[in-house]
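Student: For reference, the sequence and a predicted model appear below.
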Amino acid sequence: MKYYHNVLDGIYTRDSIVSYLNKDSVSICQLLYFLDIDDIASYVERNYYADKDWHFRYKISSMIKFIVVKSYRNLSFEKTISTLTNEKARLLCFEDDNGIINLPSHATLLLLCSNSR
């Protein structure tokens with residue numbers, strides 16, 4: 001099987017998780033990039049996310065994946081944010097249509113976690 005890779009700012013946009021299965025060291029962000037959790041994100045958005053149009057809305061799937069990264073690395077929110085490179089933020093889909101990376105605040109993630117219990 002042949003894979004073609006399109007590279008955008010160092011990220012393969014057409015890639016496969018198969019490319020990473022036999023590697024010794026793979027970023028958790030790279031693995032999460034391939035994980036489709038849209039059904040979970042839709043449920044959280046329908047039931048727990050504010051429906052106000054006036055505030056910035058982060059992608060729920062990105063925030064869930066960020067919580068996984070934070071938990072996997074066993075770091076504080078601040079340390080996780082400070083160690084998150086632009087490439088890793090793009091892999092978690094925090095980049096908007098204009099190429100700007102917007103990361104959620106600690107309070108936003110706490111609100112997501114506390115509302116979903």
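Tutor: Here it is on my side, so go on. Numbers count the residues shown, from 1 in each chain.

Student: quick one, helices of this protein?
Tutor: In the chain, the helices defined using DSSP state H lie at 28-33, 38-48, 60-73, 77-83, 86-91, 106-115.

Student: which residues are contacting the third one?
Tutor: Taking contacts as CB atoms under 8 Å, 6 or more residues apart in numbering, the residues outside helix 60-73 that touch it are 28-29, 32, 35, 37-38, 40-42, 44-45, 49, 77, 80, 83-84, 88, 92-94, 103-104, 108-109, 112-113. In short, each C-beta sits where N, CA and C put it, glycine included.

Student: Count the residues that sit near residue 58.
Tutor: Neighbours of residue 58 under the rule other CB atoms under 10 Å: 20.

Student: Am I right that it is in contact with residue 109?
Tutor: No. Assessed by CB atoms under 8 Å, residue 58 is found out of contact with residue 109, at 9.2 Å.

Student: And the residue nearest the centre of the chain, how far from residue 29?
Tutor: Relative to the mean C-alpha position of the chain, the nearest C-alpha, by CA atoms, centre = their mean, is the one of residue 92, at 2.6 Å. Distance of residue 92 to residue 29, given as CB to CB, to the nearest Å: 6 Å.

Student: Would you confirm that the residue nearest to the centre of the chain contacts residue 33?
Tutor: Yes. Residue 92 lies in contact with residue 33 (CB under 8 Å); the separation is 7.5 Å.

Student: Show the pLDDT at residue 116.
Tutor: Looking at residue 116, its pLDDT reads 50.
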